[in-house]
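# Sequence and predicted structure below; questions after.
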Amino acid sequence: MSEGRRKILLIEGNGQHAKVIRQGLIDAGADTVDVTCRDCLSSGIDCLNDGDIDVVLLNPRLSDGDGPNAVSRIVAKAGDVPVLVIASYTDQESYCEVIRAGAEDYIDKTKLSAETLLRSARIAIERKRAQGRTATALRESESRLRAIINAALDCIITMDSAGKIVHFNPAAEETFGYKRGEVLGKDMGELFMPAAVSARQKRNFELYRGTGAGSMLGCPVETNAFRKDGSEFIAEMTIQPVRIDGEVVFTIFLRDISHRKQAEQTLRDSEALYSSLVEALPLNVLRKDLQGRITFANKMFCELTGKPRGELLGKTDLDLYPKELAEKYRKDDQRVLETREMIDDIEQHVEDGKSSYVHVRKTPLLDSAGKIQGTQAVFEDVSERIQTQEELARYTNELKQSNRDLEQFAYVASHDLQEPLRSIAGYAQLLHVRLRDKLDDDTREFLTYLSDAAKRMQGLIHGLLDYARVGRDGRLFEPTDLDALLDAKLCDLGSAIQECGAVITRDPLPTVTADPVQLGQLFQNLISNALKYRGERRPEVHIGVEQNEEVWTFSVRDNGIGIPQEQFERIFVIFQRLHGQGEYSGLGIGLSLVKRIVDRHGGRIWVESQAGRGSTFFFTLPVRPAARPR
């Protein structure tokens, strides 16, 4: 429609009347109107096709159309252009017919004036424009609503008063697996709901139609629902009744809450598990809010205080403990809340001169966002443990002192026994030399036994002194080149190696922090044993080494006579021998001395062997040894 001059199409079969009306309109509207006249229906329709018309004035008595038929044809062609009928009907029915045919208004031709006609035309134009704006706004509103409904994540389903589906949004298609065309006109309850829920829904619809109320209407309801593939899920559903033009429709808002229900169940299971664990713990567990009020106490704490949980909730430390102790706990709680750090403390309590000890761990309670909600204390009576630790420390000190005393005794005793043994051995040898020709065979044999026994006793005493010196006279640890150390020890053993034709091989050895003298003894004893306890084959000895992050693992492997598995532990005990003097000489001290050296260096030693297939002795040394030797 034009915004300046009003363009009026006058369709009037009577030419004289048309001229009069046209002139009257021009006179009344001055320069605000343009009037175009047509004398028949077809030419009027052509004009509507060609021009921009603001309003049509129609006398429906035309040569090519008459009455309501002519009105309806012009209205159909005019579209949004208002059509005013100018006629002189004398009966009410004819008036009603043209209005029903789509005319905007009816003007009695017998009472016609140019001013009235122009005013009616203007009113019709503005009314039509207003209706157009309203219709546009309504369409836009419907379009926005449709877009919102289609974009909604929840299912939105509309049913008519009979419970038949009339709208089914994309979220509903995705949730249920049906296309919109498959469900329109179908009964929703029968399609998606269990029979009991469907029947209840229908009863609510009937009740609402009769009373305007229903227990399922206007409030969320949880129910099971079925997808097209038969799978079942838990849904939250709200049914909202709406009256449109006197008819009731029901809009259902529905969402799949299976994941939420699963999460809720998982949370309940987690809480139940936590609760069962806390209740079963042999510890006291107490939780407090930011004001220091108790929000949880486990069974053990309730038993400790002699109060049921319900009586403890809401209480503070001042309600349970003496003022001084309650104030300490308040400050501890405040420190945890301010620093967000755990307090780990052993409290000593003295009552009637007797001490008791409580191990307390206090931590902040955080919610899922990391915000502090309060404090949690876990504590237990550790009096017995503390007493046991004190007793163990006392026994350990006593044992260390006893070992030191024993080492001192062994050292002194061994040292003091050497002189009388030297005298016995010396005089036995002197008797054997001076009286050799005067003694019978038995006496000479007895003197030989006496001399050998004295020499063996001297060897035992020297071995015992060496054993005692490991802990007593050991040197401080220092960087020790094991390649150079082993070279020196193989040189010392050169005669024994040459005598038996042994082949000695080795891996490149590291530099370690150790007592070089004692490690020299260790290698010498292990290699000597490999040479001594050889079989009929030529001895082959290999010294190997491996490293991990914490220890060096050394090995001395031979192809000798081997060791029975049941003797693996016994060979490291002092004075324990597996063979008699007639088979292999020895005092039973060498491997015990080796073990003592390894122990002093913070390592361990063991053997792997099979009788007749050789032995491999393993021992470890720390990569980073202790600051002080043991």
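Here it is on my side, so go on.
# which of the residues in stretch 183-201 are buried?
Applying a neighbour-count criterion of 16 or more other Cβ atoms under 10 Å, one finds Val183, Lys186, Asp187, Met188, Gly189, Leu191, Phe192, Met193, Val197, Ser198, Arg200, Gln201 buried in stretch 183-201. No exception for glycine: its C-beta is placed from N, CA and C like everyone else's.
# among the residues you listed, which two are most distant?
Pairwise distances across the buried residues of stretch 183-201 (Cβ to Cβ) peak at 20.4 Å, for the pair Val183 and Arg200.
# mind showing which ranges of the protein have poor pLDDT?
Along the chain, segments meeting pLDDT under 70 span 1-4, 29-31, 90, 201, 204-217, 402-422, 449, 452-474, 574-588, 626-630.
# Just to confirm, which residue in it is farthest away from the center?
Lys438 (97.7 Å; Cα atoms, centre = their mean).
# Just say helix, strand or coil for it.
Here Lys438 is coil, with the state taken from DSSP: H, G, I helix; E, B strand; the rest coil.
# Let's test this: what are the backbone torsions at it?
Dihedral pair for Lys438: phi -100, psi -10, per degrees, to the nearest 10.
# mind listing the strands for the stretch 101-250 of the chain?
Applying DSSP state E, counting those that start in this stretch to the stretch 101-250 of the chain gives strands spanning 105-108, 155-159, 165-168, 221-226, 232-244, 247-256.
# now those strands in a markdown table, with distance to Phe619 and mean neighbour count?
Shown next, in a markdown table, are these (distance: least, Cβ to Cβ, whole Å; neighbours: other Cβ atoms under 10 Å):
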| stretch | distance to Phe619 | mean neighbour count |
| --- | --- | --- |
| strand 105-108 | 118 | 16 |
| strand 155-159 | 75 | 21 |
| strand 165-168 | 81 | 20 |
| strand 221-226 | 71 | 16 |
| strand 232-244 | 67 | 16 |
| strand 247-256 | 67 | 18 |
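# how about those strands in a markdown table, adding distance to Lys595?
Converted to a markdown table, the strands of the stretch 101-250 of the chain look like this (distance: least, Cβ to Cβ, whole Å):
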| stretch | distance to Lys595 |
| --- | --- |
| strand 105-108 | 123 |
| strand 155-159 | 79 |
| strand 165-168 | 86 |
| strand 221-226 | 73 |
| strand 232-244 | 70 |
| strand 247-256 | 71 |
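# Figure out which of those is closest to Gln262.
Per Cβ to Cβ, nearest to Gln262 of these: strand 232-244, 9.0 Å.
# Counting by contacts, list what the closest one packs against.
Contact analysis of strand 232-244 by 3 or more Cβ pairs under 8 Å, 6 or more residues apart in numbering; DSSP states H and E lists helix 195-211, strand 221-226, strand 247-256, helix 258-280 as its packing neighbours.
# relative to strand 221-226, how tilted is the longest one?
For helix 258-280 against strand 221-226, the angle between stretch directions is 120 degrees (axes from the mean of the first three to the mean of the last three Cα atoms, to 10 degrees).
# so how far is helix 258-280 from its chain's centroid?
Its chain's C-alpha centre and that of helix 258-280 lie 15 Å apart, by Cα atoms, centre = their mean, to the nearest Å.
# returning to what we had before: compute the distance between the residue farthest from the centre of the chain and Pro625, please.
62 Å (Cβ to Cβ, to the nearest Å).
# For the stretch 1-150 of the chain, which segments count as helices?
15-29, 41-50, 67-78, 92-100, 114-151 (DSSP state H, counting those that start in this stretch).
# now those helices as TSV including distance to Thr616 and mean neighbour count?
Converted to TSV, these look like this (distance: least, Cβ to Cβ, whole Å; neighbours: other Cβ under 10 Å):
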stretch	distance to Thr616	mean neighbour count
helix 15-29	125	16
helix 41-50	113	16
helix 67-78	111	20
helix 92-100	116	14
helix 114-151	77	13
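# circling back to that earlier point, any idea how far the residue farthest from the centre of the chain lies from Leu430?
According to Cβ to Cβ, Lys438 stands 14 Å off from Leu430.
# How about Ser72?
Distance from Ser72 to Leu430, by Cβ to Cβ: 160 Å.
# Same list, the helices and strands packed on strand 232-244, but as CSV with distance to Glu324 please.
Listed next are those as CSV, based on distance: least, Cβ to Cβ, whole Å:
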stretch, distance to Glu324
helix 195-211, 64
strand 221-226, 54
strand 247-256, 57
helix 258-280, 29
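# Which of the ones you listed sits closest to Leu84?
When the helices and strands packed on strand 232-244 are compared by Cβ to Cβ, strand 247-256 sits nearest Leu84, at 33.9 Å.
# Send over the closest one as CSV, restricted to the C-alpha atoms.
Extracted in CSV, the C-alpha atoms of strand 247-256 (Å, rounded to 0.1, in the frame of the first residue of the first chain):
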residue,chain,number,x,y,z
GLU,A,247,-10.5,-26.4,23.1
VAL,A,248,-8.1,-28.1,25.6
VAL,A,249,-4.6,-29.2,24.4
PHE,A,250,-2.0,-30.8,26.5
THR,A,251,1.7,-29.9,26.1
ILE,A,252,4.2,-32.4,27.5
PHE,A,253,7.7,-31.4,28.5
LEU,A,254,9.8,-34.5,28.8
ARG,A,255,13.6,-35.2,29.3
ASP,A,256,15.6,-38.3,29.6
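# how much does that strand deviate in direction from strand 155-159?
Between the axes of strand 247-256 and strand 155-159, defined by the same axes, to 10 degrees, the angle is 160 degrees.
# Look at the residue nearest the centre of the chain and give its secondary structure.
In the chain, the centroid-proximal residue (Cα atoms, centre = their mean) is Ser368; its distance is 11.8 Å. Under three-state DSSP, the three-state class of Ser368 is coil.
# what residues are up against Glu347?
Glu347 is in contact with Tyr357, Val358, His359, Val360, counting by Cβ atoms under 8 Å, 6 or more residues apart in numbering.
# Wait, Thr158 touches Val248, no?
No. If you go by Cβ atoms under 8 Å, Thr158 and Val248 don't touch, sitting 11.4 Å apart.
# Counting neighbours, what do you get for Gly314?
12 (other Cβ atoms under 10 Å).
# Which one of the helices and strands packed on strand 232-244 lies nearest to Val517?
By Cβ to Cβ (comparing all of the helices and strands packed on strand 232-244), the closest turns out to be helix 258-280, at 56.3 Å.
# what is the orientation angle of the closest one with strand 232-244?
Taking the same axes, to 10 degrees, helix 258-280 and strand 232-244 form an angle of 130 degrees between their directions.
# and the next helix or strand after helix 258-280, which strands flank it?
Remark: after helix 258-280, the chain's next helix or strand is strand 284-289, criterion DSSP states H and E. Counting by DSSP bridges, the strands paired with strand 284-289 are strand 294-297 (antiparallel), strand 372-381 (antiparallel).
# now the first one, how far from the centre of its chain.
It refers to strand 294-297. Distance of strand 294-297 from its chain centroid, counting by Cα atoms, centre = their mean, is 26 Å.
# The longest one too?
Relative to the mean C-alpha coordinate of its chain, strand 372-381 is positioned 23 Å out (Cα atoms, centre = their mean).
# List the buried residues in stretch 563-570.
The neighbour-count check on stretch 563-570 (16+ other Cβ under 10 Å) flags Ile563 as buried.
# what distance separates the start and the end of that stretch?
Using Cα to Cα, to the nearest Å, one end of stretch 563-570 lies 11 Å from the other.
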